[in-house]
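# Quick one: sequence plus predicted model below, questions after.
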Amino acid sequence: MKKEKKSPAFQFYPTTYLGAEKVGIMTLEEEGAYIRALCYCWTNETIPSDTELLARLIGKGCSNQTAAVVKGCFVQDADSTRLRHERLDEEREKQKLWSMKSSEAGKKSGKSRKEKYLNQIHSRLNGGSDLVEPNTNSLSLSSSLSTSNKNIYISPEENLVEPKTNQPSVTGEQSPKPKKPKDPPGFRPGTRAMGPCKHVYLTQDEYDVLCKDFTKDRVHRKIISLDADIENGVPKYVKYSNHKACLLKWFAMDGGN
């Protein structure tokens, strides 16, 4: 069982404290001893009921007579050798309730944000409008790309602007031929980039088989994770020539999760 963490502080209400009759009739020495007894009681939940032991605990040369006055502000605990303070018990209970409510609210908020994020990712992977082109520096994308396309992939060969035919310059010289774009790492003929992920390439058949074997949610999580590793330059994934094999290896390592 997880050990409950004790609060290091409690609320102090000056008006209530100064308005208490027992405090009002104390000497400064007795009031100082009382404050120290409150601190020990908050830390340990109880203090000794034996006058001599309490005087030793308070310290600072506290006499048995002063300790006896301080005892009058506490009540007997279930353990007859210990004393409790009713107001400190109330404050401790308030803090526990506040902590529980804050924890529940935080969990609900985190769950809501996570669900919203996963819904956005699943929407994109299942044909949403936020398609992302492959990460190739030399590709020139057509500005007329339709966002209503329901295919979850974008091929490096698609959406390229039709290159202009080489026209002679004014001087009669031919302009240099444009270089063919270099395929991004992991691209194979017939593969396409996965939805919002720029760097993971699979064929439609590979994607369908993975979803069938491991469920769509799991596959999407792995694709997003692999895309992030490649984006961050993890060497073994940047140079991985077959992303399907990489995903299968991941599933095998973690038992399909």
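That came through fine.

# For the closest residue to Thr81 other than its chain neighbours, which residues are in contact?
Spatially, and ignoring its direct neighbours in sequence, Thr81 is nearest to Ser49 (5.6 Å; Cβ to Cβ, 6 or more residues apart in numbering). (C-beta placed from N, C-alpha, C; glycine too.) By Cβ atoms under 8 Å, 6 or more residues apart in numbering, the contact set of Ser49 is 71, 76-77, 80-83.

# So what does Ser49 have for phi and psi?
When read as degrees, to the nearest 10, the backbone of Ser49 gives phi -90, psi -20.

# where's it relative to Glu21, distance?
Going from Ser49 to Glu21 by Cβ to Cβ, to the nearest Å gives 22 Å.

# for Leu210, same thing?
76 Å.

# who's more crowded, these two?
Leu210 (21 against 7; other Cβ atoms under 10 Å).

# The more buried one against Lys244, yeah?
Yes. Judged on Cβ atoms under 8 Å, Leu210 makes contact with Lys244 at a distance of 7.2 Å.

# shared neighbours of these two, anything?
Going by Cβ under 8 Å, 6+ apart, residues that sit against Leu210 and also against Lys244 are Leu202.

# so who does Gly72 touch?
Lys22.

# which stretches of the protein form helices?
14-19, 21-24, 28-44, 51-58, 64-71, 86-125, 204-214, 216-231, 235-238, 243-253 (DSSP state H).

# Just put the ones you listed in CSV and tack on mean pLDDT.
As requested, these are exported to CSV (pLDDT from 0 to 100):
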stretch, mean pLDDT
helix 14-19, 91
helix 21-24, 92
helix 28-44, 95
helix 51-58, 96
helix 64-71, 96
helix 86-125, 81
helix 204-214, 85
helix 216-231, 82
helix 235-238, 58
helix 243-253, 81
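
# Out of the ones you listed, which is closest to Lys198?
For the helices of the chain, distance to Lys198 was read as Cβ to Cβ. The smallest value, 6.6 Å, belongs to helix 216-231.

# For the closest one, name the packing helices and strands.
Helices and strands touching helix 216-231, by 3 or more Cβ pairs under 8 Å, 6 or more residues apart in numbering; DSSP states H and E, are helix 86-125, helix 204-214, helix 235-238, helix 243-253.

# sorry, back to before: possible to save the helices of the chain as TSV with distance to Gly190?
Shown next, in TSV, are the helices of the chain (distance: least, Cβ to Cβ, whole Å):
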stretch	distance to Gly190
helix 14-19	76
helix 21-24	84
helix 28-44	69
helix 51-58	79
helix 64-71	84
helix 86-125	19
helix 204-214	8
helix 216-231	17
helix 235-238	21
helix 243-253	12
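
# quick one, which of the ones you listed is nearest to Ser7?
helix 86-125 (5.2 Å).

# Figure out how far the closest one is from the centre of its chain.
Here helix 86-125 is found 12 Å from its chain centre; the criterion is Cα atoms, centre = their mean, to the nearest Å.

# which secondary structure elements does it contact?
Using 3+ Cβ pairs under 8 Å, 6+ apart: helix 86-125 touches helix 28-44, helix 216-231.

# sorry, back to before: of the helices of the chain, give the one that comes closest to Pro176.
Here helix 235-238 is closest among the helices of the chain (Cβ to Cβ), at 30.0 Å.

# So for Lys182, which of the helices of the chain sits nearest?
Per Cβ to Cβ, nearest to Lys182 of the helices of the chain: helix 235-238, 14.0 Å.

# follow-up on the earlier one: closest to Arg188 out of the helices of the chain?
Among the helices of the chain, helix 243-253 sits nearest to Arg188 (Cβ to Cβ), with 8.7 Å.

# The closest one vs helix 216-231, what angle?
Helix 243-253 and helix 216-231 meet at an angle of 110 degrees, taking axes from the mean of the first three to the mean of the last three Cα atoms, to 10 degrees as the criterion.

# List the buried residues in helix 243-253.
243-244, 246-248, 250-251 (16 or more other Cβ atoms under 10 Å).
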